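Asker: predicted model, plus sequence, below.
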Amino acid sequence: MLDCIENGLFAKSTIKPLSNVFGLEDEIKRTKAYLRAGEWFLVSGLRRTGKTTLIRSVAASLDEHRVMYVNTWKIHPDQAKLEKFIEIMGEQLQVAATKFIDRVNITDFKLLGMTVKFEKKKKIFDQLFDQLLEDRPLIWIIDEVQDFFKDPRLFRYLAALHDLHAPRLTVVLLGSVVAMRKILRITASHPLYGRISDEFLLTPFNEMKSRQFLKQGFEQCNISIPEEVITEAALQLGGFAGWLSLFGRLAVIEKEMLSSGGVEGFKQILQRLEKEARHQIIDEIARMLHDKRKAGIYLKILRKVAEEPSVTLAELSKSIEKKPTTLLNYLSYLQAHGIIKKMERHYLIADPLTRRVLRHPNVEQEIKKKI
Ligand SMILES: Nc1ncnc2c1ncn2[C@@H]1O[C@H](COP(=O)(O)OP(=O)(O)OP(=O)(O)O)[C@@H](O)[C@H]1O
Ligand SMILES: [Mg+2]
């Protein structure tokens, strides 16, 4: 049983055997081919749709490549600047290059850890990349890049790296936004835009796939789950791989609750899931609004959209007392970050768990405290 939640569909890890990366067969095939060919590409999509899992798992399956992974989520969004990026990159290159330090100029190597000028560092990085790439091709996964859109210098720098080192160096950019390529095209990040071959947009599973995901996951764990629980979970978790696998893990740990308790047991697990998800969701919304002077208006919009399953622009305008044209700016920001979506003339919260959290009393205060 433990093995199924350590390595199976319900495992928490973002590096899984490809047989346990569910429902993304086409994406696996295509990203693998791109990585082998040294093409640079983007992976976008809502939170918890499996972006990191897809790319880390595919990269890990290629044994001729070296893989470097950097998650920029750790960087405070105010510090999301080229300088900070270079610092992290230096640390990673240093670790990677230590393995064959005999081939690297020691003085240069030491300089990396010091505060030398960026121009100097850039030269050292290029030499290090040369050394690393001579040894093996390198896949560099840069996760959560959306905060860096404010500093197009990073994308210009990556464009320069592309021209020097592709295809031995492959860079994959991952972002929790709806369409990263469009953002690169319309910002000053144009130089990189032209060097990107493709964008993979991951979306939540449909109901049938969600059911299959859960069924296969529980089968791996040798647990039989009442059909009505599968139906209920598939409906209430909105097809997000992250929630489905968290639900699976919780359910496996509390299996008695489900097999005997049926839908009642399911509700209890859902409550636990919501408790675990709550902090995560609050942090994510706070981060998304951290530099917004009028965060309160965004929060009012979110609450209204969460409370009324599908609300129109006119209704929002009336309830928030802002002109529809003004509201559209706020809404398009929330849409780009995938927290709300528009279906014909109506707005709704994309993720049912986020919707539940946003309906709690006091949630606005909690988010504001974190901004
Ligand atoms: N296709 C999949 N098959 C099996 N497990 C998956 C799949 N996609 C995601 N998971 C699981 O769901 C969780 C969330 O996935 P992941 O972190 O890759 O999503 P993400 O899109 O990168 O999310 P975020 O935007 O928050 O970074 C992980 O625990 C992962 O193991
Ligand atoms: Mg991710």
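Answerer: Arrived safely. Ligands and ions are numbered 1, 2, ... in the order given.
Asker: and the residue of the stretch 101-250 of the chain nearest ligand 2?
Answerer: When distances are taken as CB to the ion, the stretch 101-250 of the chain reaches nearest to ligand 2 at residue 143, 5.5 Å away. (Each C-beta comes from the backbone N, C-alpha and C, glycine too.)
Asker: go on, the chain?
Answerer: For the chain, CB to the ion, closest residue to ligand 2: residue 52, 3.3 Å.
Asker: does that residue touch residue 174 like I think?
Answerer: Yes. Contact criterion CB atoms under 8 Å: residue 52 and residue 174 qualify, at 6.3 Å.
Asker: these two - which one has more neighbours?
Answerer: The neighbour comparison of residue 52 against residue 174 (other CB atoms under 10 Å) goes to residue 174, with 25 against 20.
Asker: element containing the more buried one?
Answerer: For residue 174, the host element (DSSP states H and E) is strand 169-175.
Asker: quick one on the thing from earlier: now the common contact residues for residue 52 and residue 174.
Answerer: Shared contacts of residue 52 and residue 174, defined by CB atoms under 8 Å, 6 or more residues apart in numbering, comprise residue 143.
Asker: up against ligand 2, what does the stretch 51-200 of the chain have?
Answerer: By the rule CB under 5 Å from the ion, the part of the stretch 51-200 of the chain lying against ligand 2 is 51-52.
Asker: what segments of the stretch 51-200 of the chain are helices?
Answerer: 51-61, 82-98, 106-111, 118-135, 152-165, 180-186, 190-193 (DSSP state H, counting those that start in this stretch).
Asker: helices or strands up against the fourth one?
Answerer: Pointing back at helix 118-135 there. helix 82-98, helix 106-111, helix 152-165 (3 or more CB pairs under 8 Å, 6 or more residues apart in numbering; DSSP states H and E).
Asker: lowest average pLDDT across these?
Answerer: Mean pLDDT is lowest for helix 106-111 among those, at a mean of 60.
Asker: coming back round to it: nearest to residue 232, out of the helices and strands packed on helix 118-135?
Answerer: Counting by CB to CB, residue 232 lies closest to helix 82-98 out of the helices and strands packed on helix 118-135; the figure is 42.7 Å.
Asker: how about that closest one: buried residues?
Answerer: Using 16 or more other CB atoms under 10 Å as the test for burial, helix 82-98 gives 82, 84-87, 89-90, 93-94, 96-97.
Asker: other residues contacting it?
Answerer: Contacts for helix 82-98 (CB under 8 Å, 6+ apart): 66, 68, 70, 72, 75, 104, 109, 112-113, 118, 121, 125, 128-129, 131-132, 138, 148, 151, 153-154, 157.
Asker: now with 6 Å, please.
Answerer: The contact list for helix 82-98 (CB atoms under 6 Å, 6 or more residues apart in numbering) reads 68, 70, 75, 104, 112, 128, 132, 151, 153-154.
Asker: out of the buried residues of helix 82-98, the closest to residue 279 would be?
Answerer: Nearest member of the buried residues of helix 82-98 to residue 279, counting by CB to CB, is residue 84, at 25.0 Å.
Asker: which phi and psi values does the nearest residue to residue 245 once chain neighbours are set aside adopt?
Answerer: The shortest distance from residue 245 to any non-neighbouring residue, by CB to CB, 6 or more residues apart in numbering, is to residue 10 (4.9 Å). The phi/psi pair for residue 10 (degrees, to the nearest 10) reads phi -90, psi 0.
Asker: can you tell me which residues contact residue 10?
Answerer: Applying CB under 6 Å, 6+ apart, the residues contacting residue 10 are 217, 245, 248-249.
Asker: my guess is residue 310 contacts residue 349. True?
Answerer: No. With contact defined as CB atoms under 6 Å, residue 310 does not reach residue 349; the gap is 10.1 Å.
Asker: so for these two, which sits in the more crowded spot?
Answerer: For residue 310 versus residue 349, neighbours defined as other CB under 10 Å are more numerous around residue 349 (22 against 13).
Asker: tell me how far the more buried one lies from residue 213.
Answerer: 22 Å (CB to CB, to the nearest Å).
Asker: residues of the stretch 1-150 of the chain that sit close to ligand 1?
Answerer: Residues of the stretch 1-150 of the chain lying near ligand 1 by CB under 6 Å from any ligand atom: 9, 11-14, 20-24, 47-53.
Asker: please repeat the previous calculation with a cut-off of 5 Å.
Answerer: Within the stretch 1-150 of the chain, the positions adjacent to ligand 1 are 9, 12, 14, 21-22, 47-53 by CB under 5 Å from any ligand atom.
Asker: can you turn the buried part of those into a ChimeraX selection?
Answerer: To isolate the buried ones among these in ChimeraX, judged by 16+ other CB under 10 Å, type:
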select :9,14,21,22,47,48,49,50,51,52,53
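Asker: how about a markdown table for the residues of the stretch 1-150 of the chain next to ligand 1, with secondary structure and pLDDT added?
Answerer: Below are those laid out as a markdown table (DSSP: H, G, I helix; E, B strand; the rest coil; pLDDT from 0 to 100):
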| residue | secondary structure | pLDDT |
| --- | --- | --- |
| 9 | coil | 97 |
| 12 | coil | 95 |
| 14 | coil | 97 |
| 21 | coil | 98 |
| 22 | coil | 98 |
| 47 | coil | 92 |
| 48 | coil | 95 |
| 49 | coil | 96 |
| 50 | coil | 97 |
| 51 | helix | 97 |
| 52 | helix | 97 |
| 53 | helix | 98 |
